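Trainee: Below: sequence and its predicted model.
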Amino acid sequence: LVVAVVLCYYGWLFGFYALYMLFESVRPLRYLLLASSISFSIQRVTLPLSALESVVLPAIRSRNRGVMEVNNNGVSTPQNDSNAGGSGWEFFTKTLLSPHVMMGSTETCSDLPFRELVKSLGVNVAFSQRLYATHLISEKQYRESHLLTSSEDSMFIPMICSKTVETFLGACAVIQGNSTAVCLDLSWGTHRAKNGGLGRELLKSPQLVVSMVESAVNEGHKVLCSISVQDESEVEACKDLVINLEKKGCLGFVVDTRDPTFPAMKSMSLANWDVLRSFRNFASTPVFGFGSLNSAKEMSQFFDHTNVAALVADVELLHCPPLFAQPMLLDEVIMTYFDHWKKYPFVLPSYVRHHIAFMGHIPLSHYPALVDDLKHANTSTALAAFLDDFRKKMAEMAVDQDFHVCTLRPLYSHNFQTKSNPILRFAGDSDQVSVAKEWVQHMTEKCFLPRDYASQTQSLLFEVNKSVERRLNRIAMKKTLRMSGKPLKKKETKNVRDDSTNKSNCDGTLSNKRAKRDEVNSEAPPQKGGEMEMEAKTKTKQQGKRERRIRLKQAMEDPMGVRVAVDMGLGDAMSRKEILKLSDQIRRLYGVNLRAECPVHLYLTSLNPESLVYKQCVRRNVGFMDYLITTSSESHSTIFKKQDVVFLTPDSPNLLIDIVPGKTYVMGGLVDEQIIKNYTLDRANEAGIQTACLPIKTFSNSIEAQYAPVLSINQVLEALLERFGGGNWYDGLMKAVPKRKGFRLSSPVEIETKIKSMEEHIVGGIFYPPQMQQQQQ
């Protein structure tokens, strides 16, 4: 029996046979020993596997790191002369839980909803966008918008840009409790970093960097550093600095080996794996490196070549969030991100537009019209409407089921140059530029990509944030603050900026200006009643807004008031560009009526919620659903009585002289860059509605001037409001008609004289020429 048990442990096949032959006659004992042999067998098999997982695999991944020693938990850590290396690996294994993939820091794109998305798809750790230390310390609005975290956003490491020990310690104190660690940025190399003395500029003062890290470690903060190196000479130059930082308590390094002088943007260039391996050879703490991977299959090759602790990915995840997880449909990924964003209303829509532009750049390259919708989608309603159209277009253009898969898209194909040198990530790598060109050629031949794919994608990704972006962000932030019930202070709205376009928004520049201004204000003698005057002005402004809305509501409730309607059912006669202009004119139309002393009741008729006109009004006008305007999908001829309706068209021979209460004045919602003669006039005549035009030419002096008396709907309303409020046509037309039209109005006396001469032929405020009057009779 003893021999059988021993054989079962060391050679379980022989032991099993021995037990079977020994206890053939005693069945209960035979079954008991049979179960014992199986248990020994399982232990014998699983023991090598557990040893392989806890000892052998870490040793393989950590070769060239130094002498390996197994601690009490079975985790391999390197041993060297400095305690910094051991503490760094302990932080990597116990705090970060040995991540394989990290989301790298970007300049403006690492927002909370996107971090939650990539973490749900297998990314373990995420860095924030670059944060200015001085703004974190002094600006509450900046902290609230850039330090948003949640329970799903664990393992969050802010990337701090600072150039003094004091500001770095202050930023660490602000962030403490909301993050796993902090990372000092030494890799930023743009002109903004150079002007502010940040990023790579700090490498010129290694003692300052060491002091910043040492001070933060002494305060109890966990500190990482991000360094940018492009060749072997730069690796040797920063070697002493890295060793000193490790001695002072730095727990690891994020190494970026991409070229900052890349033509388009640094995040699109390729990392150098050979330089990354050279850096790893002398570092005793964990190294996290950018890999520039095109697929998840290259991950093992990346780890074998560089021997780093974890992969850092930014542009890969921006294009394809599930790159390292299971393949997902593109519309599913975008809708999942949109659902995450809706939970955090203070995240600006510019982030959403940026991520959607990256993720959906292939379908969007087929539809430039959708790109324009995306650029102007600055509310959740507008974004939801855009996504509905986007999913419909994707269904229409689908050729096979794999076309929607995110992993189908290469990450660098849109950024290649027609005449560029081969781009290799390591010695022996295939040229990524040639691979991208072959892919684009193959996809273009199958009509998966448009012929101008490169230019279309470059325009989409690099022109999505322009001056309009800052304006839309300010409008969205004002509306968000107003909806949240917070007081809308001037200082809060002034500081709402888009970091991607604000060139002077760098560490120290704005803060120094504010400090000087505050110093001057503190030295100046206090002005009596200054705060009271400011408070009184604020109350007066708010009171004015309330009074304007009250006046407008009263005009809408007055049954005998003047009504002005815009026929929005002319979308078929306009191009998409003209429809966009019409939606902008609706915003100006509402603003003119809201500010008027004697407003009118505005109507938008024939406005179908499924039409492109309606969708553009919602997308391009913040708060369109809250406008004090009556909207209807029915025609104006159905809503109003025909005898009370006057259709204003520039082609009418009749002149509008007076505004009659109780009447409804209809304007055609038409923007025709190529003027369609008699289009609205024929439409009104078919409906049996009387027509009129503004007396622009009649009251003009310069008859010889060549100009078209065609105005936009907001300009027409401005002239009507002036006349309805008791003013004369001179003042109304001077406000409404732009100076570029090239005419001069007659004097007010001459205009009144002309009106008196027309009184015999004026019926219901409309002057009918004698010939027209005879035809009507």
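Mentor: Everything's here; your move. Residues are numbered from 1 along each chain as shown.
Trainee: which sections of the stretch 351-500 of the chain are below the confidence cut-off?
Mentor: 397-423, 433, 443, 446-500 (pLDDT under 70).
Trainee: again, only this time at 80
Mentor: 351, 354, 361-369, 371-373, 375-382, 393-424, 428-500 (pLDDT under 80).
Trainee: same check, this time on the stretch 201-350 of the chain
Mentor: 259-269, 294, 326-329, 345-350.
Trainee: hey, where'd the strands end up in it?
Mentor: Counting by DSSP state E, counting those that start in this stretch, the stretch 201-350 of the chain has strands at residues 223-228, 253-256, 287-290, 310-313.
Trainee: Need the contact partners of the third one.
Mentor: Going back to what we said before, that points to strand 287-290. 102, 104, 252-258, 271, 276, 279-280, 306, 308-314 (Cβ atoms under 8 Å, 6 or more residues apart in numbering). Where C-beta positions appear, they are placed from N, C-alpha and C, glycine not excepted.
Trainee: Generate a PyMOL selection restricted to the buried entries among these.
Mentor: In PyMOL, a selection of the buried entries from those looks like this (16 or more other Cβ atoms under 10 Å):
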select buried, resi 102+104+252+253+254+255+256+257+258+271+276+279+280+306+308+309+310+311+312+313+314
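Trainee: related to what we said a few turns ago, quick one, which of the strands of the stretch 201-350 of the chain gets closest to P206.
Mentor: Closest to P206 of these is strand 223-228 (Cβ to Cβ; 11.5 Å).
Trainee: Could you measure from the nearest residue to D658 once chain neighbours are set aside over to I243?
Mentor: Spatial nearest neighbour of D658, excluding adjacent residues (Cβ to Cβ, 6 or more residues apart in numbering): G765 at 3.6 Å. Taking Cβ to Cβ, to the nearest Å as the measure, G765 and I243 are separated by 89 Å.
Trainee: Same list, the strands of the stretch 201-350 of the chain, but as JSON lines with distance to I579 please.
Mentor: Below are the strands of the stretch 201-350 of the chain laid out as JSON lines (distance: least, Cβ to Cβ, whole Å):
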{"stretch": "strand 223-228", "distance to I579": "46"}
{"stretch": "strand 253-256", "distance to I579": "45"}
{"stretch": "strand 287-290", "distance to I579": "44"}
{"stretch": "strand 310-313", "distance to I579": "40"}
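Trainee: in its sheet, what does the lengthiest strand in the chain sit against?
Mentor: Ranked by number of residues, the top strand in the chain under DSSP state E is strand 125-132. Paired neighbours of strand 125-132 in the sheet (DSSP bridges): strand 101-103 (parallel), strand 156-161 (parallel).
Trainee: OK, contacts around T164?
Mentor: M212.
Trainee: how about the helices in the stretch 201-350 of the chain?
Mentor: 206-218, 232-237, 239-247, 273-282, 298-306, 315-319, 330-342, 349-359 (DSSP state H, counting those that start in this stretch).
Trainee: sorry, back to before: what about the strands of the stretch 201-350 of the chain, which gets the closest to R620?
Mentor: strand 310-313 (34.9 Å).
Trainee: If you count contacts, what does that closest one end up packed against?
Mentor: Contact partners of strand 310-313 among helices and strands, from 3 or more Cβ pairs under 8 Å, 6 or more residues apart in numbering; DSSP states H and E: strand 101-103, strand 287-290, helix 298-306.
Trainee: Outside of the first one itself, list whatever touches it.
Mentor: Counting by Cβ under 8 Å, 6+ apart, the neighbours of strand 101-103 from elsewhere in the structure are 110, 115, 118-119, 122-127, 254, 288, 299, 310-314, 317, 324.
Trainee: So for that strand, mean pLDDT?
Mentor: The pLDDT scores in strand 101-103 average 92.
Trainee: How many residues are close by the closest residue to L270 other than its chain neighbours?
Mentor: Leaving aside its sequence neighbours, L270 sits nearest to S292 (Cβ to Cβ, 6+ apart; 4.4 Å). Neighbour count of S292, defined by other Cβ atoms under 10 Å: 26.
Trainee: just checking, S292 touches R425?
Mentor: Yes. Counting by Cβ atoms under 8 Å, R425 is a contact partner of S292 at 5.8 Å.
Trainee: what sits in contact with each of these two?
Mentor: Shared contacts of S292 and R425, counting by Cβ under 8 Å, 6+ apart, come down to L270, A271.
Trainee: Would you mind measuring the gap between the ends of stretch 615-633?
Mentor: 14 Å (Cα to Cα, to the nearest Å).
Trainee: ok, and for that stretch, which residues are buried?
Mentor: 615-624, 627-629, 631.
Trainee: Mark which of those residues are part of strands, please.
Mentor: Secondary structure defined by DSSP E assigns T631 of these to strands.
Trainee: As TSV, the buried residues of stretch 615-633 with distance to D731 and pLDDT would be great.
Mentor: Below are the buried residues of stretch 615-633 laid out as TSV (distance: Cβ to Cβ, whole Å; pLDDT from 0 to 100):
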residue	distance to D731	pLDDT
K615	37	85
Q616	33	86
C617	30	88
V618	34	85
R619	35	81
R620	31	83
N621	28	85
V622	31	79
G623	30	82
F624	30	87
Y627	27	90
L628	25	90
I629	25	92
T631	31	92
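Trainee: Most widely separated two among the buried residues of stretch 615-633?
Mentor: K615 and L628 (20.9 Å).
Trainee: follow-up on the earlier one: compile the helices and strands packed on strand 310-313 into TSV and extend it with columns for distance to G544.
Mentor: What follows is these, written out as TSV (distance: least, Cβ to Cβ, whole Å):
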stretch	distance to G544
strand 101-103	47
strand 287-290	54
helix 298-306	61
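Trainee: Which of these sits closest to P206?
Mentor: strand 287-290 (18.7 Å).
Trainee: Send over the closest one as PDB, restricted to the C-alpha atoms.
Mentor: Extracted in PDB, the C-alpha atoms of strand 287-290 (Å, rounded to 0.1, in the frame of the first residue of the first chain):
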ATOM      1  CA  VAL A 287       8.500  51.200 -17.800                       C
ATOM      2  CA  PHE A 288       5.300  51.800 -19.700                       C
ATOM      3  CA  GLY A 289       5.800  52.400 -23.400                       C
ATOM      4  CA  PHE A 290       3.900  53.600 -26.400                       C
END
